[in-house]
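> Make a model of this:
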Amino acid sequence: MSTDLIGYKNLSERQREEFEKSAGRKQQKNLFLTMMLLPVILIAAFQIAVFFTDNLGGRVGALIIAVVLSIILEIWFIVKAIRQRLQNDFEGEVVVKKIKRISDGDPNNGVTTIRYRHIIVIKTNYGKEIKKHWDQGFEDASPQTWYGYLNVGDKVRFHAKMNYYEKYDKSGDSEIPCAKCRRFVDIGAGTCSECGAELIKP
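Numbers count the residues shown, from 1 in each chain. As a prediction, the model looks like this:
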């Protein structure tokens, strides 16, 4: 066991600011892309309604429903982004790790993709249980994902504004996620081979 890979890293203000800004830019980009996608969804929904409806009343009703659904989706994405930004840092231990099947697809409409939810539960040092989940289109989780990287019994520190999980004991890992670009890189390196950022390790 390599004792130099056990412990949390004391981040400098410069490092923390760099990682937090990078995470913030990614979140803003995802929110922008999502909001740009909503008008496309609106237009597509209306075109489908036009195809199946030949009267004005039906088309107006379909348009209203499409607009309402688009607004609801947009509000949901905005609230989700705000909630992520309001999260607090915490330390705890992974106590639950499971995979839940959430969708079987719809073969009648040609949609056969089965979707799964990868769930971990972290019990904080204050006794609160925090659930994190990621929806995937596959059951097996790659080791190069948060679900694949974290295991039951791991002590972790969650850096909220960086949206980053730091393991306390990394001595059994061969790769580590970069806090800036999220790529998994050789844990023996000092900096990320993709973006050059310093790796978060003791």
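> Report the contact partners of Cys178.
Going by C-beta atoms under 8 Å, 6 or more residues apart in numbering, Cys178 touches 184-185, 192, 194-195, 197, 199. The C-beta positions use only the backbone N, C-alpha and C, and glycine is treated the same way.
> Quick one: neighbours of the spatially closest residue to it that is not a sequence neighbour, just the number.
Distances taken as C-beta to C-beta, 6 or more residues apart in numbering put Cys192 closest to Cys178, at 4.0 Å, once the chain neighbours are dropped. Residues near Cys192, counting by other C-beta atoms under 10 Å, number 21.
> repeat for Val185
19.
> if we can go back for a sec, identify those among the contacts of Cys178 that sit within strands.
184-185 (DSSP state E).
> May I see the contacts of Cys178 organised as JSON lines, with pLDDT added?
As requested, the contacts of Cys178 are exported to JSON lines (pLDDT from 0 to 100):
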{"residue": "Phe184", "pLDDT": "94"}
{"residue": "Val185", "pLDDT": "93"}
{"residue": "Cys192", "pLDDT": "91"}
{"residue": "Glu194", "pLDDT": "88"}
{"residue": "Cys195", "pLDDT": "89"}
{"residue": "Ala197", "pLDDT": "89"}
{"residue": "Leu199", "pLDDT": "91"}
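> so Asp135 is in which element?
strand 129-136 (DSSP states H and E).
> what residues does that strand touch?
So strand 129-136 is contacted by 90, 92, 95, 102, 115-124, 145-147, 158 (C-beta under 8 Å, 6+ apart).
> Centre of the chain to that strand, how far?
Distance, stretch centre to chain centre, for strand 129-136: 9 Å (C-alpha atoms, centre = their mean, to the nearest Å).
> buried stuff in it?
Gln136 (16 or more other C-beta atoms under 10 Å).
> Now the element after that strand, going C-ward?
Criterion used, DSSP H and E; the element after strand 129-136 is helix 146-149.
> what mean pLDDT does whatever helix or strand comes next after that next one have?
Proceeding N to C from helix 146-149, the next assigned helix or strand is strand 155-159, under DSSP H and E. Computed over strand 155-159, the mean pLDDT rounds to 95.
> how much space is there between the residue nearest the centre of the chain and Ala66?
Central residue of the chain (C-alpha atoms, centre = their mean): Trp134, 6.0 Å from the mean position. Distance of Trp134 to Ala66, computed by C-beta to C-beta, to the nearest Å: 29 Å.
> how far does the least confident helix or strand in the chain by mean pLDDT sit from the chain's center?
Using mean pLDDT, DSSP states H and E, helix 56-85 stands out as the lowest-scoring helix or strand of the chain, at a mean of 71. Its chain's C-alpha centre and that of helix 56-85 lie 22 Å apart, by C-alpha atoms, centre = their mean.
> In terms of secondary structure, what does that helix contact?
On a contact count with 3 or more C-beta pairs under 8 Å, 6 or more residues apart in numbering; DSSP states H and E, helix 56-85 meets helix 13-52.
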